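A.B. asks: let me see the structure of the following:
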Amino acid sequence: MLFRSVGGVFSWIIVPQLLARLMTSDVGQVIHETPGSTLFYVYFFGVLWGFGGLTFGLTMRYLGMSLGMAMVLGYCAAFGTLIPPIYHGEFFSTVLPSVSGKVIVFGIAVCMAGIAFAGKAGMSKEREMSEEEKKAVIKEFSLRKGVLVATFSGVMSACFSFGLDAGAPVRPITLRHGTSTLWQGLPILVVLLLGGFTTNFIWCVLLNVRNRSGKEYISAGPKGDVPMLRNYFFSALAGTTWYFQFFFYTMGETQMGKYRFSSWTLHMASIIIFSSLWGIALHEWRGASGRTKGWLALSLATLILSTVIVGYGNYLGTQ
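C.D. replies: Have a look, this model is predicted:
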């Protein structure tokens, strides 16, 4: 709880505000000039995204890192990538008719196939391992609960992409104030992450009241052996590091050309690849057969291929 509260304050409030003020021009005035409806939808999608984050941990608890991340981010990638261009009417009128657009859509389909292979690997492992073996690796392993929670978490997590899309009117305003093209997404993050902070803050307060754990923020424990300063430091460091995924994402998004929406697929595929590698490093696949590990290897190879295809499609779109 300490990590989520302190880390969240840094990742959702302090660091976004600080970097937006350092890297953009007149961020306060930019937000003031932004239409109220735009700010509302960006904030609202941030609140919904917060629910996805709250249930994300449950997915890891029930499915483990490899399968859990694959399922949540699979839903998140599909909805977060495709819904914005479909909603704006660009998908069928602009994306599909062009060669570059077709390549990007094919790359997204390959990404979905890679995610499906990861799910296949997880189900194969679930069939092969005894209950004792599952519990030894993931103490609360439950495929049924995990799938339900992963579905909800993935759809809600895609709201971050919707929030970035809803914040599009902010971009020309901050550019007009002299912000560099590379940093035009930072003011959107200030509002979007505030929404996510709201959801998590309310949940943390409710848990603190229910568990009567508020004193843990200032107590060094009954024996005085809890390193409070170190805990606060590493919580703040983790929150700051977490924020940088979106800091760099908004930078890369500005360089994606007219098919900016496809950057969400690259972001999700990269997370799945590295989370699967961490799952391997943490021995979550210990005891699985060679066939199951083959599905996992195929998943990783397919996801890497999808990032290459999507990148190539965007390259064609710039020619």
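
A.B. asks: next structured bit after the helix or strand bottoming out on mean pLDDT in the chain?
C.D. replies: Across the helices and strands of the chain, mean confidence by mean pLDDT, DSSP states H and E is lowest for helix 2: a mean of 47. Downstream of helix 2, the next assigned helix or strand under DSSP states H and E is helix 8.

A.B. asks: what residues does that next one touch?
C.D. replies: 197, 200-201, 204, 239 (CB atoms under 8 Å, 6 or more residues apart in numbering). (Glycine included, C-beta is placed from N, CA and C.)

A.B. asks: what's the helix or strand for residue 124?
C.D. replies: Assigned by DSSP H and E, residue 124 belongs to helix 99-128.

A.B. asks: now swap in residue 81 and tell me
C.D. replies: Counting by DSSP H and E, the secondary-structure element that holds residue 81 is helix 65-87.

A.B. asks: could you report the neighbour count for residue 192?
C.D. replies: For residue 192, the neighbour count with other CB atoms under 10 Å is 29.

A.B. asks: was I right about it contacting residue 47?
C.D. replies: No. Assessed by CB atoms under 8 Å, residue 192 is found out of contact with residue 47, at 9.7 Å.

A.B. asks: which elements pack onto the helix holding residue 81?
C.D. replies: Counting by 3 or more CB pairs under 8 Å, 6 or more residues apart in numbering; DSSP states H and E, the packing neighbours recorded for helix 65-87 are helix 36-63, helix 99-128, helix 143-157, helix 159-166, helix 263-281.

A.B. asks: okay, now the unreliable bits of the stretch 101-250 of the chain?
C.D. replies: Confidence mapping of the stretch 101-250 of the chain against pLDDT under 70 gives the ranges 126, 129-140, 213-214, 216-217, 219-227.

A.B. asks: using CSV, write out every CA atom in the strand or helix carrying residue 18.
C.D. replies: Secondary structure assigned from DSSP H and E places residue 18 in helix 15-23. What follows is helix 15-23 as a C-alpha-only set of coordinates in CSV (Å, rounded to 0.1, in the frame of the first residue of the first chain):
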residue,chain,number,x,y,z
VAL,A,15,6.7,13.8,-12.2
PRO,A,16,4.1,14.5,-15.0
GLN,A,17,3.6,18.0,-13.7
LEU,A,18,7.4,18.6,-13.3
LEU,A,19,8.4,17.3,-16.7
ALA,A,20,5.4,19.1,-18.4
ARG,A,21,6.6,22.4,-16.9
LEU,A,22,10.2,21.7,-17.8
MET,A,23,9.7,20.5,-21.4
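
A.B. asks: which residues does whichever helix or strand comes after that helix contact?
C.D. replies: With elements assigned by DSSP H and E, the helix or strand that comes after helix 15-23 is helix 27-33. By CB under 8 Å, 6+ apart, the surrounding residues in contact with helix 27-33 are 20-21, 24, 39, 170, 173-174, 177, 179, 186-187, 190-191.

A.B. asks: what's the answer for stretch 289-306, then?
C.D. replies: If you take CB under 8 Å, 6+ apart as the criterion, stretch 289-306 is touched by 66, 70, 107-108, 110-111, 113-115, 117-118, 120-121, 124-125, 128, 265, 269, 272-273, 276-277, 280, 285.

A.B. asks: circling back to that earlier point, are any of the contacts of helix 27-33 buried, and which?
C.D. replies: For those, a neighbour count by 16 or more other CB atoms under 10 Å gives the buried set as 20, 24, 39, 170, 173-174, 179, 186-187, 190-191.
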